[in-house]
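Undergrad: Sequence and computational prediction follow.
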Amino acid sequence: MALVYIKRVILLIGVPFVLSGCTLLNDFTTAMSASISGADTAQGSAVGIETKELDEETAQVYKVAEETYKKGDIRTAIGLYQRAFELEPDNPQPMLRVGEILNRHGEPLAAGQAYRQALAVDPLNVDAKRGLGVSFMKRGQIDLAIEQFSEGLAIEKNTKLLNVMGVAYDSKGERQTAQQYYLEGLELDENNLTLRSNYGLSMAYEGRHNEAIALLYPLSKEPKATMKHRQLLAMAYSLSGDFDAAEQTTRIDMDDVDVAKR
């Protein structure tokens, strides 16, 4: 019975590291799910993706694009974001949004093109550098991703960049380097669930099972913890060989999913 549940865990989450919010890098190449995340403000950049104001006409087009995207019409939404960019070509916000959406929906090459357009407008925009780096990661070009993240960190050190830098090094199997970046991020925000989760999972893959579980177990009990965090704990148990604990952890959410399907 335990092995059945473990297989369900592995099939469900593979080998995930968290890029941001709920965005996972699965087998280091495929994103599973995502949520709209806030943006960091770059030094030398006007402001981040959510805070730089658009003029009235452009803002209206952008609003319609957002509503269209929420309805699931991605193609039309992207066209509207591009129209917003045409109306205000000195504002990178619409192309940042296009890049975010394309990365999320498995189009990293097109996402990279959108982020390059944003960088042409604002070369110091750390959101664009992070997004471009993520698009490289999803295409398996880890060294190019690290180059973008490094450039971003030279502009502004923030938790999102430190996290994706850690994920990049984890994808290369360089656990200790990855963990240094997670820890550096935790110095900025010690309660960051994404950084703590990735740090714990990195330790689990390194073979530091007790330390990983000691970190991930209490994290999975926190009020803001999600199924994702419990799945990471289950993965850590599996890597340690404790399949019974992995089954018990997984059963919580699997049972909820089964009930929801009835």
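TA: Nice, thanks for sending it over.

Undergrad: so what's N210 closest to, chain neighbours aside?
TA: Taking C-beta to C-beta, 6 or more residues apart in numbering, and ignoring the residues beside it in sequence, N210 has S240 as its nearest neighbour in space, at 7.8 Å. Glycine gets a C-beta too; all of them are placed from N, C-alpha and C.

Undergrad: What about the one you found, how many residues nearby?
TA: By other C-beta atoms under 10 Å, the residues close to S240 number 17.

Undergrad: Quick check: it touching R208?
TA: No: with contact defined as C-beta atoms under 8 Å, S240 does not reach R208; the gap is 9.7 Å.

Undergrad: quick one: the strands in the chain?
TA: With DSSP state E as the definition, the chain shows strands at residue ranges 16-20, 23-26, 30-31.

Undergrad: and the ones you listed, which one is worst for confidence?
TA: Per-stretch averages of pLDDT across the strands of the chain put strand 30-31 at the bottom, with a mean of 28.

Undergrad: which intervals of the stretch 151-262 of the chain have sub-threshold pLDDT?
TA: Judged by pLDDT under 70, the stretch 151-262 of the chain has its weakly predicted residues at 254-262.

Undergrad: one more time with 90
TA: Along the stretch 151-262 of the chain, segments meeting pLDDT under 90 span 228, 231, 250-262.

Undergrad: Run through the helices of it in chain order.
TA: Assigned by DSSP state H, counting those that start in this stretch, the stretch 151-262 of the chain shows helices spanning 159-171, 175-188, 193-206, 209-220, 227-240, 243-261.

Undergrad: Report the angle between the third one and helix 209-220.
TA: Helix 193-206 runs at 160 degrees relative to helix 209-220, counting by axes from the mean of the first three to the mean of the last three C-alpha atoms, to 10 degrees.

Undergrad: helices or strands next to helix 193-206 in the packing?
TA: The contact analysis (3 or more C-beta pairs under 8 Å, 6 or more residues apart in numbering; DSSP states H and E) places helix 193-206 against strand 16-20, helix 159-171, helix 175-188, helix 209-220, helix 227-240.

Undergrad: of all these, which gets the most neighbours per residue?
TA: Highest mean neighbour count of the helices and strands packed on helix 193-206: helix 159-171, a mean of 26 (counted as mean count of other C-beta atoms under 10 Å).

Undergrad: now what about that helix, what contacts it?
TA: Judged by C-beta atoms under 8 Å, 6 or more residues apart in numbering, the contacts made with helix 159-171 from elsewhere in the structure are 17-20, 25, 28, 37, 40, 126, 129-130, 133-134, 137, 142, 145-146, 149-150, 152-153, 175, 177-182, 184-185, 188-189, 192, 194-195, 198-199, 201-202, 205.

Undergrad: between that helix and helix 193-206, how big is the angle?
TA: Counting by the same axes, to 10 degrees, helix 159-171 lies at 10 degrees to helix 193-206.

Undergrad: The closest residue to H105 other than its chain neighbours: how many residues sit nearby?
TA: On the basis of C-beta to C-beta, 6+ apart, the spatially nearest residue to H105 that is not a chain neighbour turns out to be I74, at 6.3 Å. Counted by other C-beta under 10 Å, the residues lying close to I74 total 15.

Undergrad: Likewise for A120?
TA: Residue crowding around A120 was assessed by other C-beta under 10 Å; the count is 12.

Undergrad: could we number from 64 for the rest of this?
TA: I'll keep to 64 as the first residue from here, and by that count the last item is A183.

Undergrad: Relative to the whole chain's centre, how far out is stretch 212-232?
TA: Here stretch 212-232 is found 12 Å from its chain centre; the criterion is C-alpha atoms, centre = their mean, to the nearest Å.

Undergrad: All set, thanks.
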